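Chemist: could you look at this predicted model? Sequence included:
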Amino acid sequence: MAGTMRCSAAERQAQIRKLLQDQPEVLISQLSELFGVSEMTVRRDLDRLATDGQLERTHGGARPSERLVLEFDFLGRRQARRNDKRAIARAAVSIVERGHRLIIDTGTTTLELAYLLKELEGITVITPSLAVASAIQFASGVETVLLGGSMRRGSPDLTGAITETNLEMFAVDLAFLGADGIGLDGTLYSEDIQIAHVDQKIRQRAERTYVLADSSKIGKTALATNGMLTEVEALITDEKITSEQVAALEQSGGTIIIAERGDR
């Protein structure tokens with residue numbers, strides 16, 4: 001951390017957060033030298049970030065809090081193949097019409113869809129995802145219903161018996177689900193058993209269900225199976241899917257929609 005930077009308290013605190021993305025701990029003495037301020041000033045910065053839950057104080061410095069680790073992990077997953085996820089989201093949003101009632105599942109690709117839904121009018125979105133609800137909560141044309149449930153450790157998702165029971169209250173036009181893996185035989189996979197149960201319940205409440213998954217998920221398995229592609233309207237994926245994968249999935253009875261990227 002060579003060099004000295006002059007900045008405000010807010011800028012220093014943002015830099016400390018950024019440093020903690022790349023290293024397990026920062027030291028007060030190093031930060032004092034980096035920012036050209038006293039160690040007492042650095043301690044005040046660390047105390048403020050600790051109060052906000054951004055880090056945990058250690059003897060002589062600080063390390064990332066569990067909350068900060070979760071934010072970095074979610075941000076990293078959201079950034080991975082983001083152009084492909086945005087293309088998938090654009091294809092999905094084209095299906096939505098005014099007056100539609102939707103269920104939006106958890107995941108980073110469905111979150112990209114949520115940001116596009118903000119621009120629509122006269123729709124209702126039901127979701128078990130705190131991230132999705134946060135993305136659309138101030139959209140004037142969207143009525144948002146956040147399902148209750150238990151929070152998964154390390155994840156902004158609600159699952160469990162309460163979530164599944166609450167889903168029984170609703171009947172929707174469209175559901176958009178994520179997937180952690182899609183077998184070439186059309187099997188849908190989730191890393192979490194509780195999410196698999198919620199996804200099964202969501203499909204039961206929707207007239208039409210679409211799976212949104214980038215092509216890196218195709219040919220992969222995960223802990224729990226939650227259904228088959230034949231149980232949904234279509235898989236929406238990106239252009240990196242191979243012709244062999246398309247052929248295998250169609251042979252299994254699935255319908256594939258390939259989203260074209262608009263960044264070329």
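Modeler: Thanks, I have it.
Chemist: next structured bit after the helix or strand of the chain with the lowest mean pLDDT?
Modeler: Lowest by mean pLDDT, DSSP states H and E among the helices and strands of the chain is helix 66-79, with a mean of 53. Next helix or strand after helix 66-79 toward the C-terminus (DSSP states H and E): helix 82-93.
Chemist: and the protein, what are its domains?
Modeler: 9-72, 81-259 (automatic domain parsing).
Chemist: show me where the chain has helices.
Modeler: Along the chain, counting by DSSP state H, helices occupy 9-22, 28-35, 39-51, 66-79, 82-93, 108-117, 130-136, 161-167, 193-205, 243-251.
Chemist: hang on, the earlier thing: for the domains of the chain, which one ends up most surrounded?
Modeler: The highest mean neighbour count among those, using mean count of other C-beta atoms under 10 Å, belongs to domain 81-259: a mean of 19. Every residue, glycine included, has its C-beta placed from N, CA and C.
Chemist: by mean pLDDT, show me the worst of the helices of the chain.
Modeler: The weakest mean pLDDT among the helices of the chain belongs to helix 66-79, with a mean of 53.
Chemist: and the residue nearest the centre of the chain, how far is that from residue 31?
Modeler: In the chain, the residue lying closest to the centroid (C-alpha atoms, centre = their mean) is residue 108, at 2.9 Å. For residue 108, the distance to residue 31 equals 32 Å [C-beta to C-beta, to the nearest Å].
Chemist: do the same with residue 205
Modeler: From residue 205 to residue 31 the distance is 51 Å (C-beta to C-beta).
Chemist: residue ranges in the stretch 101-250 of the chain under the pLDDT threshold?
Modeler: Applying pLDDT under 70 to the stretch 101-250 of the chain picks out residues 152-154.
Chemist: show me where it has its strands.
Modeler: Assignment of strands within the stretch 101-250 of the chain using DSSP state E, counting those that start in this stretch yields the ranges 101-104, 123-127, 142-146, 150-151, 158-159, 172-177, 181-182, 187-190, 206-212, 224-228, 234-238.
Chemist: now the longest one - C-alpha only, CSV.
Modeler: Think strand 206-212. Output in CSV follows, covering the C-alpha atoms of strand 206-212 (Å, rounded to 0.1, in the frame of the first residue of the first chain):
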residue,chain,number,x,y,z
ALA,A,206,-47.7,-19.8,-12.4
GLU,A,207,-49.5,-20.2,-15.7
ARG,A,208,-46.2,-20.0,-17.5
THR,A,209,-42.7,-20.4,-16.1
TYR,A,210,-39.4,-19.5,-17.7
VAL,A,211,-35.9,-20.5,-16.5
LEU,A,212,-33.3,-17.8,-16.8
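Chemist: that'll do, ta.
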